[in-house]
Structures are given as structure tokens and as C-alpha cells.
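Engineer: pasting a predicted model and its sequence here:
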Amino acid sequence: MSVANTHITDLFYQLLDLSEAEKTKYLKELKSHQVELYNKIYPLLFSSDLESLTHIFGVSALQATDKKANFSDTYIDKYHLSYEIGRGGIGVVYAATRVDKTFHQDLAIKLIQPALSHLIDKEYLFQEAQALATLNHPYITKVIDGGTHEGSVYIVMEHIKGCTLSEYLATYALNKTKKLNLFLKICAAISHAHKHQVLHTDLKPENILIDCEGHPKILDFNLMRGISDQLSAFPITINAYSHDYASPEQISGSPPTVQCDIYALGKILNFMFPKLPISQGDLNCIIQKATRRHALLRYSSTNELYNDITQLIACRPISAYQDQPFYSALKLCQRRPIQCALSTVLIWCGVGFYTPLIKKNQQLQIEKRASERVTRQFVRTLSQIKESPKSKVSINTVLKHTHKAVLGDPGIPKKTKMKLLRIIAPQTTRTESTKGNC
């Protein structure tokens, strides 16, 4: 028997099913490897005080005494219970109808376990039911009425005709956007509950029904899990949660907080997208942030999670990635691919058009500077001739001197130098060239 991630309640019932020899062997191994857990479970196995077990385990220890209770085909007040729909952590739910002939109404009635009704003041249970009744939200199952029957508190709710989230996803091939929009509705419902100081604490696909119009309905809010501190006066803990969707602190027995529901929402989002490719980095990041092991590292509220999903659908930056370089530009390209593609084409066209012009302008500047250098050399040569009036120098000699100066000037580019040399070539060179051609 593995004890990894095993809650003490589950471990207790697993040990009860073992033979004495198996139980002794297991306890010996447990004492060697997990002393703390051994010290918790050992006294419980040999305790015959049902009330003390209830105070430690919550209603789970008492459910064994009521598992065979069946109220099918029973009349309670003005309601007829027809058949059992399902059993939750603190009660049993039956399909029901009104029988007072005022009007026809399909309902669901949740009967709180009698043991829980005896242990906790009924007035308190009604207060918690009233808190659920204030949750007037289209994606939360409406609480309509309540009362007592044979010592048990019952709550009357609307009966949702549909399928669970897991069945819905298995039946319909929803694309990414439709799944995210569906999750947004679930997130909005939980956010509404949190605003009214109500926690769910047992969010899972089985507690989310999808109606015939494709809208979610959140079921089975825990009656004993308000955000306020009023529970501190009660020594009883209601351990109604599912291990696959419960946060680490919830499993360890810490008081539930908003972050417990956020953790469950992250797990549900992961359930809706079980095999994410690497390209879905934003969605992976949201799931990882919502399901951090440490509560303080998760989203601080359901609104933050809701906003990131909204940003993801709109291809906008999410809060967890905003500090990444080029991330905002990437999201802009994803959001407006056509505009970004056109902008890129225009930029490249501009580069292709202006690059030759720039190069041509640079070449003209080089040739201009070279011409200025030749002009200065020519003027310098003439000045030298002028200073020697007795010397008779022909134009051809001046051109030869200039030709030689240009030829030896390293500051003039080769192509420009060739052009200038052709222009200022001495007359004799041209004549010889002409004769050679003849």
C-alpha cells in the first residue's frame, strides 16, 4: 500500500480493510519511514469513540453508518424525491419535483448526512445554505429552498439536465478558443462566489455540468467552507475534496483559501488541454502559475486568472510573460498578422529602394572629393610654373605632372582614378595611342 499523497482519512479506511497481520506489517513499515503519519493514524485505529473520530476526520467517518440510507420515492414537504442522482462529501442528491400543484418544477434535493446535522447546529447549516442562495449567477446552480426532514437538513436546488465537463469534452471536439471561452465561464462563476465570501473547495470536472446550451453549471459547493473566519469556532473539519484537484495545503489539512479554488481551476484547465504542444507556451505558463505548490506563487485572485485567459484569447501579453524581451512584439504579430506582414514587406521595399540611392550618393561624393584633389594638384602645378617665368613649360608637361600626381595619390579610388587619368592624359599619350590604332 502506497502512502504517497494519501490523505489520513483514506489511509484509515484502507487499514480497516486489512487483516491484522497485514495491518501490523504496514504499521511497522510506516513507523520506520513516516513517524509523523504513524503517530496520527495509530491512535485512531484503536479508538472506539465515534465522536472523536468525527472531530478528526469530519463527516467521512460517519458516512459509513449512512451509506445504505435511501430516500428514493419519498415525500418531503411539498417535494417528491424520485431517484438518487449522486453522493457527495456531505450528503446525497435526489431528483425531485413539486407536488403542491402550484406549478411544475424539476428540482434536485440534497440531503445533508444526519450525523452532520446532529453534530453541527442546524441554524448554522441554514446560514451556509442561505449564503449559497445569494449566489445569483447564470453559471452556478441556484438554491431555491431548504428545510429539515427526520433530523436531516435538506437543500432544494435547480435540476440541471446535461452532462459533466469530462463527458462533454469527450463528446464534442471543441477547438482551443471554444475551450478557453468555456473555462472563462467557469472562472467567472467561481469569481462571483469568492466575491460573496463563498469557497467551493471541491472543484472537479464531475462538479461542473454542461447544459443543453453549452453553458457550465457549478455544483456541490461545500456548505462548511466560507472565506470568513467563522469556522474557527467549530472543531469539525469537512474533508470533501478530490486528491487530483486538491491543493497541497488542502491535502495537508490547512484551512482552505481562495488559492485552493485557483489551484483546482488550474488543474481543470490542464484537464481540458491534456497534451499541449511547446508552441502553446502562454497556456502552459498560465496552468503552471495557477498550480504552483506554494499558494503565494499562484494567482492572487480568480480575476487575475480570468484576465490572463482573456488576454490569451485576444493574443495579447499575459501577466506572467510581460518581462520577456520581444514578447509584446510577438503577440502583436500574432494578433495582426496581415498588417505586420505588409509592414515587413514595405520596410524591405524601402530598404531595397534606398540602398542603391545611398550607394550612388556615396560614389558621387567620392568622385567629387577626387575631382577637388585633382583640381588642387593642377592649380598647385600652375602656381609652380608661374613662380618660374623664365621656364617654358607646355600644357602637355602640366598634364604629365598632374597625371603623375593622380596616379600616385592613394586617396583616390581605383575606378575614379581611371576616369580622371583618361581625362587628363597628356597630348603625346593620346597622339601615340591614336597612331597605334592607325
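Structural biologist: On my side now, so go ahead.

Engineer: and for stretch 295-314, what's in contact with it?
Structural biologist: By CB atoms under 8 Å, 6 or more residues apart in numbering, the residues outside stretch 295-314 that reach it are 177, 180-181, 183-184, 187-188, 190-191, 194, 247, 249, 257-263, 265-266, 282-283, 286, 289-292, 317-320, 335. For the C-beta atoms, the positions are set from N, CA and C on the backbone; glycine is no exception.

Engineer: buried set for that stretch?
Structural biologist: For stretch 295-314, the neighbour count (16 or more other CB atoms under 10 Å) marks Ala295, Arg298, Tyr299, Thr302, Glu304, Leu305, Tyr306, Asn307, Asp308, Ile309, Gln311, Leu312 as buried.

Engineer: same question, stretch 285-297
Structural biologist: Cys285, Ile286, Ile287, Lys289, Ala290, Thr291, Arg292, Ala295.

Engineer: in strands, which of those appear?
Structural biologist: Counting by DSSP state E, no part of the buried residues of stretch 285-297 is found in strands.

Engineer: could you count how many residues lie near the closest residue to Leu169 other than its chain neighbours?
Structural biologist: In this structure, Leu169 finds its nearest non-sequential neighbour in Met272, 6.5 Å apart by CB to CB, 6 or more residues apart in numbering. Counted with other CB atoms under 10 Å, residues neighbouring Met272 total 20.

Engineer: report pLDDT for Met272.
Structural biologist: Per-residue confidence (pLDDT) for Met272: 95.

Engineer: wait, what's in contact with Ile112?
Structural biologist: Ile90, Gly91, Leu125, Ser152, Val153, Tyr154, Ile155, Leu223.

Engineer: can you pull up the bridge partners for the second one?
Structural biologist: Applying DSSP bridges to Gly91 gives these bridge partners: Ile112.

Engineer: tally of neighbours for it?
Structural biologist: Gly91, neighbours per other CB under 10 Å, totals 26.

Engineer: what does the pLDDT read for it?
Structural biologist: If you check Gly91, the pLDDT there is 78.

Engineer: for it, give its distance to Gly162.
Structural biologist: 21 Å (CB to CB, to the nearest Å).

Engineer: burial measure for Leu18, as a count.
Structural biologist: 14.

Engineer: can you list the domain ranges for this structure.
Structural biologist: 8-46, 74-158, 163-218+241-335, 340-437 (automatic domain parsing).

Engineer: show the average pLDDT along the last one.
Structural biologist: Averaged across domain 340-437, the pLDDT comes to 66.

Engineer: which sections of the stretch 201-350 of the chain are below the confidence cut-off?
Structural biologist: 223-241, 278-279, 320-336, 339-340, 343 (pLDDT under 70).

Engineer: what ranges do the strands span in it?
Structural biologist: Applying DSSP state E, counting those that start in this stretch to the stretch 201-350 of the chain gives strands spanning 208-211, 216-218.

Engineer: quick one, which of those strands is packed in tightest?
Structural biologist: strand 216-218 (a mean of 23; mean count of other CB atoms under 10 Å).

Engineer: what helices or strands is that strand leaning on?
Structural biologist: Applying 3 or more CB pairs under 8 Å, 6 or more residues apart in numbering; DSSP states H and E, one finds that strand 216-218 contacts helix 176-195, strand 208-211.

Engineer: export the longest one to PDB, keeping only CA atoms.
Structural biologist: Below are the C-alpha coordinates for helix 176-195, written out as PDB (Å, rounded to 0.1, in the frame of the first residue of the first chain):
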ATOM      1  CA  LYS A 176      -8.900  25.900 -28.400                       C
ATOM      2  CA  THR A 177     -10.900  29.100 -28.400                       C
ATOM      3  CA  LYS A 178     -14.200  27.400 -27.500                       C
ATOM      4  CA  LYS A 179     -12.500  25.500 -24.600                       C
ATOM      5  CA  LEU A 180     -11.000  28.700 -23.300                       C
ATOM      6  CA  ASN A 181     -14.300  30.500 -23.500                       C
ATOM      7  CA  LEU A 182     -16.000  27.700 -21.600                       C
ATOM      8  CA  PHE A 183     -13.300  27.900 -19.000                       C
ATOM      9  CA  LEU A 184     -13.800  31.700 -18.700                       C
ATOM     10  CA  LYS A 185     -17.400  31.000 -17.700                       C
ATOM     11  CA  ILE A 186     -16.300  28.500 -15.100                       C
ATOM     12  CA  CYS A 187     -13.800  31.000 -13.800                       C
ATOM     13  CA  ALA A 188     -16.400  33.800 -13.700                       C
ATOM     14  CA  ALA A 189     -18.700  31.700 -11.600                       C
ATOM     15  CA  ILE A 190     -16.000  30.900  -9.000                       C
ATOM     16  CA  SER A 191     -15.000  34.600  -9.000                       C
ATOM     17  CA  HIS A 192     -18.600  35.500  -8.300                       C
ATOM     18  CA  ALA A 193     -18.700  33.100  -5.400                       C
ATOM     19  CA  HIS A 194     -15.500  34.500  -3.900                       C
ATOM     20  CA  LYS A 195     -16.900  38.000  -4.100                       C
END
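
Engineer: how about the contacts made by Thr141?
Structural biologist: Ala108, Met157, Glu158, Ile160, Leu209, Lys217, Ile218, Leu219.

Engineer: what do you get if the cut-off is 7 Å, keeping everything else the same?
Structural biologist: With contacts defined as CB atoms under 7 Å, 6 or more residues apart in numbering, Thr141 is in contact with Met157, Glu158, Ile160, Lys217, Ile218, Leu219.
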